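Q: coords please:
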Amino acid sequence: MKKVLTTVIIICFVLLAGAGIAGGIYLKQQWDRTTYFENTTINGFDASEKTPKEMLTMLVKAYSVPMVQLNEQGEEAMKISLEELGYTVDESALQKSLEEALGKQKSSITVLVQSLMYGNNFQVTVPFSFDEAAFQSAVNSGALKNERVDSVDARMCYDAENKNYYIEPEVNGTKFADGDLQALVKKQVDDLVAARDPQPDLIIDIPDSIYIKPQVTHDDIELNNLCNIYNHYVKAEITYLFGEEKVVVDWDTIQNWLILEDGNASLDEEAIYNYVIELAQKYNTVFYDRTFETSVGTTVTIPGNLNEYGYLVDEDGEFSQLLADIQANTAVEREPVYSHTGYKRNGLDDLAGTYVEINLSAQHVWFYVDGSLVVESDIVSGSVAKGTETQTGAFPLAYKESPSVLTGGNAENGWETPVTYWMPFFDGQGLHDATWRSSFGGSIYQTNGSHGCVNLPLDAAQRIYDSIDTGVAIILYK
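A: Sure, this is the predicted structure:
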């Protein structure tokens, strides 16, 4: 019985020794293998029986496949790969991680046995390298499908037809700073490539906040205030009438007279008054030297102190009226405010073809109406011998009267002379008929002239009287 037991024991030892040798050989083979064990995954991918190089290829492909799509205002603006964005898997670093994972499955006999029995689940970081230059070249405004549009500030516009200012709203453009877009994209792509598991395509919506906004918007307080100020004056249009000639003061001029300060506006009264002065200096004619073209083709000058005919702008009155017209913000046509007026004018011409011309040297009169000669006649003027010569100068017809009685002299030496047509112009002197004279013209006035009046034949006096109005210029010269 002992012999049998001994034999069994020997056989068991032999079998155990054989099994140990066989087991040792198997474990040695597994320790030296260059592939992952069965039931091994890396980042969720089946790595069974695969080498790190094979897993490298698989992971590089899986992690590089996502596309990045930029959407702008709901439409695709760009679609690009990670590689085109400058993101590439760092294969050297990933290879090292995969090899380390391979080593971990046999870091000890216990781990080795567990790996053989149960497999492994490894999670490795898939590192990416980044090419800044490639990224900036790929991500910029020029790379998007649509052209960029500048933002436009809100602005004040003028409606010429309605004479009104209005605010044209701002336009939001699509330009942006490339750096802002790059920061937006990089942040989300960095998150994508940092994910431990492979990710789907990345869609990035470009937000409105990225666009360069207009600096002035339609609700800008200063812009609206200026618009309201302008509309308070823009319709003012003062048209000065100088006969057929017109001078217009409108918004083109008035806006230069506005003083804008701290959101308020006032009129530059000094500038307006200076304008009135310039207007007066140009169009005033009374009390200024008068150059006159005579009917015989000569030119005479009547000095200002003898030029009592014409127009004189009342500067203070016109300033007040102009100021009121501007503030009324409406259109008006009128003559300037005059302190002295003539009979008729056309621009600078204050005779406008209607005047009585008397050449005292030639003893002759011409009467023109609207440029047409109505009466021409010889005359007899004031006596040279008696010292009652007719006054030279330019004077308005004071009035006319028919019939009339002329008087003169003093209590001891007075006289009265009835006339049919009386037309006074200066200090008791006037034109009238002189039926007591049988002849006119020549040198009669030298010794047998009048008391200063201009004596006319009856028919000439009548024709002048019938056609002349109060205020018509009487121009007398030698």
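Q: in this structure Ile379 contacts Val365, no?
A: Yes. Using C-beta atoms under 8 Å, Ile379 is in contact with Val365, at 5.1 Å. Placement of C-beta: from N, CA and C, glycine included.
Q: for the nearest residue to Glu244 once chain neighbours are set aside, give its distance to Pro336.
A: Nearest residue to Glu244 in three dimensions, chain neighbours excluded: Asn346, at 5.3 Å (C-beta to C-beta, 6 or more residues apart in numbering). The gap separating Asn346 from Pro336 is 15 Å, by C-beta to C-beta, to the nearest Å.
Q: just want to know which of these two has more residues nearby.
A: A direct count of neighbours by other C-beta atoms under 10 Å for Asn346 and Pro336 places Pro336 higher, at 25 against 13.
Q: quick one: contacts for the residue nearest to Glu244?
A: Going by C-beta atoms under 8 Å, 6 or more residues apart in numbering, Asn346 touches Phe242, Gly243, Glu244, Glu245, Ala352.
Q: let's see that with 6 Å instead.
A: Taking C-beta atoms under 6 Å, 6 or more residues apart in numbering, we find Asn346 in contact with Gly243, Glu244, Ala352.
Q: do His451 as well
A: By C-beta under 6 Å, 6+ apart, the contact set of His451 is Thr388, Gly408.
Q: try the one 5 residues further on
A: Under the criterion of C-beta under 6 Å, 6+ apart, the neighbours of Leu456 are Ile379, Leu431, Asp433.
Q: could you list the low-pLDDT ranges of the stretch 51-200 of the chain?
A: Nowhere does the stretch 51-200 of the chain drop to pLDDT under 70.
Q: Glu76: neighbouring residues, count only.
A: Here the count is done by other C-beta under 10 Å, and Glu76 has 12 residues near it.
Q: in contact with it, which residues?
A: Not one residue lies near Glu76 by C-beta under 6 Å, 6+ apart.
Q: what residues of the helix or strand that contains it count as buried?
A: Using DSSP states H and E, Glu76 falls within strand 75-81. Buried residues in strand 75-81, counted by 16 or more other C-beta atoms under 10 Å: Ala77, Met78, Ile80.
Q: please report how far Thr435 lies from Asp459.
A: Noted for Thr435: a distance of 11 Å to Asp459, by C-beta to C-beta.
Q: neighbour count for the two, which is higher?
A: Thr435 (14 against 11).
Q: once you drop chain neighbours, what's closest to the more buried one?
A: Computed as C-beta to C-beta, 6+ apart, the closest residue to Thr435 that is not its neighbour in sequence is Leu458, at 5.5 Å.
Q: who's in contact with stretch 392-409?
A: So stretch 392-409 is contacted by 290, 302, 306-309, 415-426, 451, 465, 470-477 (C-beta under 6 Å, 6+ apart).
Q: give me the subset of these lying in helices.
A: Using DSSP state H, Tyr465 are the members of these that sit in helices.
Q: buried among the contacts of stretch 392-409? Make that a ChimeraX selection.
A: Paste this into ChimeraX to select the buried members of the contacts of stretch 392-409, with burial taken from 16+ other C-beta under 10 Å:
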select :290,302,306,307,308,309,419,421,422,423,424,425,426,451,465,472,473,474,475,476,477
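Q: which of the contacts of Asn346 tops the neighbour count?
A: With neighbours taken as other C-beta under 10 Å, the top of those is Ala352, carrying 18 neighbours.
Q: give me the secondary structure label for that one.
A: Following DSSP: H, G, I helix; E, B strand; the rest coil, we place Ala352 in the coil state.
Q: does it touch Tyr343 like I think?
A: No. Counting by C-beta atoms under 6 Å, Ala352 stays clear of Tyr343, with 8.1 Å between them.
Q: what's the span of stretch 193-200, first residue to last?
A: By C-alpha to C-alpha, to the nearest Å, the extent of stretch 193-200 from end to end equals 11 Å.
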